[in-house]
Every structure is written in C-alpha cells, then in structure tokens.
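> Sharing a model prediction with you, sequence too.
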Amino acid sequence: MRHEDRDDYQAWLWGEVLLIGLLGATLALFVAYPELRNTYSLPQARLVLDTAVTLAGAIVALLAGLRFSVDGRRLDLLLCGGFAAAAASTFAFSIAPVLGGQPVHRVEFWAGLGGRLFAAALIAAAPFSKRRVNARGRALGEMLVAVAIVLGLSWGIAQHAGTSLPPFADDPGSQPFQLRAALAVQAVLSLVAMVGWGLRFRARRNDLDRWLCLAATLALFAELHYVFTPLLSARYVSQGDFLRLLSYSVLLVGVWRAIRFAEFGRAVAEERARVAREIHDGLAQYLFAVSTHATMLENGAPPATTLPQLKEAAAAAQQEARFAVLALSSAGGSAPFDAALRRYVDFLTADGQLEVDLEIQEAIRLAPDEQIEVFRIVQEGLANARKHAGAQRAEVRIEEREGERFVSVVDDGAGFDEAEIAPGQGLKNMRARAASIGGGFRLVSVPGRGTALEVVLRA
C-alpha cells in the first residue's frame, strides 16, 4: 500500500469512527431519555421527504444502470435493482395513496416495508459481488422484472393477510413486535452494506465506495431510530426520516463525484491518445529519418549527400517537437501556428517537386486544439498530393467567409474515383481529426482533375 493511499484510508477510517461515535451517542441519548424521541405531525413534510427519497433513489438507480450497461459489473446491477426497488416501493405504497386522497392503510404500509427490505438486501449484497455480466441488456431487464415481481408479491401477501397484520397507530407505545423485528433486519442489512463498502474502499480506494459506506452508515442509524422511535402513520416524521433523507443526499453527492471523476479520467485518456498519435504521426517519422541517415553514414555513405539530408531531418524533427509543445499548450493566437505551417511547406517544397500556395487570413483565429488538428489535416492532404496524386501544384487556404472558417487543400494531381477506391487510413484520419474539433469534412476528387478537401470549423 502506498504511503498516500494509507494516509487517505486512515483519514477516512477515523472520520467514519467519529461519525459512528457521534450518531451512536445521539441514539443512546434518545434511548436513555424517551421524552427526547419526538415525532411530529407534519403530513406535508412527510410527503416531501418521501418524494425526495423516491427521486434520489430513482436517479441513483438510473446512473447505476447506465454504468452497468457500459462496464457490465454485477455490483452496478445490484445497486440499480436495489435503489429501483426502494424508489418504486416508496412511490407505490407511501406517495401514490396520499396523492389519491387516501390514507396509507396497514396493507400499503407492510407492502412498502417488504419492498424496502428487498431493496436493502440487494444493496447489502452489492459490495461483495465481483463478477461481470456478458448479456447486459438481458440481465438489466431481468433485474427490473424481478423488482416488479417482488413488489407485486409484497402487495399480494400484505393484502391477503388483511386484518391479521398488526396495525400502526398514533400511540407511541403501540408499535408491534413484528414491525420492530422487520426494522431490526433492515438495520442489520444496512450494517452489512456499511462493512462491505468499507472493506471495498480499503481494498480498491474507489472514491464512490467511500461515499456509499457513509450513506450506509447514515441509513443504519436511521433504521435504528425507527426501531426505538415508533413508526406511526404517514402523517408523522421522526429523526429517522431526516437521517434517511441525509443518507440519500450523501449518496447523490458520491455518485456525482464518481461521474465527474469518470469524465476527468476519460478526458485524460483521450488526451494521452491524442499526444501519442501526434508523436507517431509527426515526430517519430522524422526521428526515424535521422536514425536512417545516421546509419547510412556509419555504413560508408557519401557525407556530401547524406549530411544535408540528415540536417534537414533533424531540423524537421526539431520543428515537430516545437509543435508538439504547442499542441499541449493552452495559449491562444495563431502566430506560432502560422510559422510552423509555413516552415513545413518550405521543407516540403524544397526539392521543387511540388509547388504550394499557402494563404492564411490575418484576422482568423484558431483555438489550440484546432491548430494542431488543422496542421495535421493540411500535412496529410499535401503528403497525399505529393506521394499518391503526383500533383505539381497545390493551394492551401485558411480563411473566414460569411462568418464561417474554412480550411481547404486543392491539388492538380491525378485524382481518383471515390466510388471505386475505398478510403485509406489517411483519409479516415483526416475525417477523425475534423470531427474531434467539431468540424465538418468534405472531399471531392475527379480522375485527371485533382482533389479538393475542405474543413468547416466550428463556430
């Protein structure tokens, strides 16, 4: 374990111990002094709390389902099913009856409790799941069907039991034993989830696991408050309800952070891939030329002809290195871009085989990411005109017309029939580069009349 990781884990562990101590002390105070365990007759507040919990659970279920569709981890599948069950049971058995103008009867109450127990079981099992699922769409559909079936069974069992179910009333001392037992089971499941996410964070250092553990800790003490504080009718709220809402709020923060980290990691990966492509397409080729000419000298090639070529290749490699720095820079402006492109054109046309007319409008501005991609597109277009089309003359225009910025490369080479010749890797690269900066790409080629490519840059 690295020193930084160990310090991070120790800081989290002590924070978790402190939180458990504070919540435990508060719970002990409520148990020792029953008069402090207040419940409040606030039906509108209860409806708002249930609605907030439902929305939070649905959002987490949706995000977990999206992660599962990408990664295929069973952990995300269980989280999706668990929070979907929690959200659906709360809406169906706690919110919908109230919105319909009816009070929550004992049938809806016990059905909702059964759905929440099922949800807690799925969430508690999630941190201990390590496998991946291949048939992701099918597995996700089966999980949602299973959630619907379990909720239907909960409703059917509660309705069939009828009057044999213990009632809940406004009297704090009338909380039935069956209810305490069910809430105790739910607290045990929250404890299992807390331990599981804590162990997972210790092993993997995943930021989301830390937040899931924190949310499970708050959920655990919410359930314990429900055990010691009578869970009355839907008109009442208690300390457990606020802890439950806080648990879901913490969970949403953790999921939001996970999404932000995922976006950052994907951006870093894309940037690394782009830099690797730049090195491969540009600098590596010139360094290979330097190595080749040095080997020729070592093998006895005439210095009079080899040294100038080696010098040219070294100068080109140096220019490529400078442009690679430009690609990584956040500075704007087009002066370095102009100089780099003109120097490349001078190097390309030094042997007289191709004449290039380059025109860059003075007022045009290119963003840093546009500069490197436009440079590579022009480089690829001119290389194709020289090597494959046998062109003698080419025109490069970078200008703004009627509020739009255009990059065009036109040559007088052999051209080709677009319908008969499959696009090569160079053409695919140019299309990909244009798309990476939000530009449109168009190519027109006629046999015997040359080729014209055009990029329309983003607004």
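It's in. Residues are numbered from 1 along each chain as shown.
> Would you tell me what the next helix or strand after the worst-scoring helix or strand of the chain on mean pLDDT is?
Across the helices and strands of the chain, mean pLDDT, DSSP states H and E gives its lowest value to strand 40-41, namely a mean of 65. Moving toward the C-terminus from strand 40-41, the next helix or strand (DSSP states H and E) is helix 43-71.
> mean confidence score for that following helix?
When pLDDT is averaged over helix 43-71, the result is 83.
> what's the following helix or strand after it?
Remark: after helix 43-71, the chain's next helix or strand is helix 74-90, criterion DSSP H and E.
> Off-centre distance for that following helix?
With CA atoms, centre = their mean, to the nearest Å as the basis, helix 74-90 stands 20 Å off its chain's centre.
> Now it: average pLDDT?
Per-residue pLDDT over helix 74-90 has a mean of 92.
> likewise stretch 342-351?
On average, the pLDDT along stretch 342-351 is 77.
> can you start the count at 53 instead of 1 from here on
Got it, the first residue is 53 from now on, which makes the last one we talked about stretch 394-403.
> Okay, helices next: where are they in this protein?
With DSSP state H as the criterion, the chain has helices at 55-84, 95-123, 126-142, 148-151, 158-177, 188-213, 229-256, 259-280, 291-330, 336-350, 355-380, 387-400, 420-439, 477-488.
> now the ones you listed as a markdown table including distance to Phe458?
For every residue, glycine as well, the C-beta is placed using N, CA and C. Shown next, in a markdown table, are the helices of the chain (distance: least, CB to CB, whole Å):
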| stretch | distance to Phe458 |
| --- | --- |
| helix 55-84 | 49 |
| helix 95-123 | 37 |
| helix 126-142 | 45 |
| helix 148-151 | 57 |
| helix 158-177 | 55 |
| helix 188-213 | 43 |
| helix 229-256 | 49 |
| helix 259-280 | 45 |
| helix 291-330 | 23 |
| helix 336-350 | 28 |
| helix 355-380 | 22 |
| helix 387-400 | 15 |
| helix 420-439 | 11 |
| helix 477-488 | 12 |
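> quick one: buried residues of stretch 200-212?
202-203, 206-207, 210 (16 or more other CB atoms under 10 Å).
> Need the contact partners of that stretch.
If you take CB atoms under 8 Å, 6 or more residues apart in numbering as the criterion, stretch 200-212 is touched by 137, 140-141, 144-145, 158-160, 162-164, 166-167, 170, 217.
> Point out where the stretch 403-511 of the chain drops to low pLDDT.
Residue ranges of the stretch 403-511 of the chain with pLDDT under 70: 470-478, 511.
> got a list of what Asp409 touches?
By CB under 8 Å, 6+ apart, the residues touching Asp409 are 445-448.
> Next: Gly134.
Counting by CB under 8 Å, 6+ apart, Gly134 has contacts 113, 171-175, 178.
> how much space between it and Val202?
11 Å (CB to CB, to the nearest Å).
> residue contacts, Val498?
Val498 touches Gly467, counting by CB under 8 Å, 6+ apart.
> got it, and Leu165?
Leu165 sits next to 231, 234 when contact means CB under 8 Å, 6+ apart.
> any idea of the pLDDT on it?
We have a pLDDT of 87 for Leu165.
> pretty sure Thr106 is touching Ala136, no?
No. Assessed by CB atoms under 8 Å, Thr106 is found out of contact with Ala136, at 10.7 Å.
> Neighbour count: those two, which is higher?
Each of Thr106 and Ala136 has its neighbours counted (other CB atoms under 10 Å); Ala136 has more, 25 against 20.
> What's the separation between the more buried one and Ala171?
Applying CB to CB, the value for Ala136 to Ala171 is 8 Å.
> His157 now?
Distance from His157 to Ala171, by CB to CB: 21 Å.
> Generate a ChimeraX selection restricted to the buried entries among the contacts of stretch 200-212.
Command for ChimeraX that selects the buried part of those, burial taken from 16+ other CB under 10 Å:
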select :137,140,141,144,145,158,159,160,162,163,164,166,167,170,217
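> Show me which of the contacts of stretch 200-212 is closest to Thr347.
Nearest to Thr347 among these is Ala137, at 68.4 Å by CB to CB.
> Can you tell me the closest non-neighbouring residue to that closest one?
Leaving aside its chain neighbours, Ala137 sits nearest to Ala171 (3.8 Å; criterion: CB to CB, 6 or more residues apart in numbering).
> Then Gln413?
In space, and not counting its chain neighbours, Gln413 is closest to Glu451: 4.2 Å by CB to CB, 6+ apart.
> Tell me which residues touch that neighbour, please.
With contact set as CB under 8 Å, 6+ apart, Glu451 has these partners: 411-413, 416, 457-458.
> thinking again about what came up before, my guess is the residue nearest to Ala137 meets Leu131, correct?
No. Using CB under 8 Å, Ala171 is not in contact with Leu131, being 10.2 Å away.
> now the buried residues of stretch 200-212 in TSV, with pLDDT and distance to Lys182?
Converted to TSV, the buried residues of stretch 200-212 look like this (pLDDT from 0 to 100; distance: CB to CB, whole Å):
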residue	pLDDT	distance to Lys182
Val202	93	24
Leu203	92	28
Ser206	90	29
Trp207	90	34
Ala210	83	35
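> With that, I have no additional questions.
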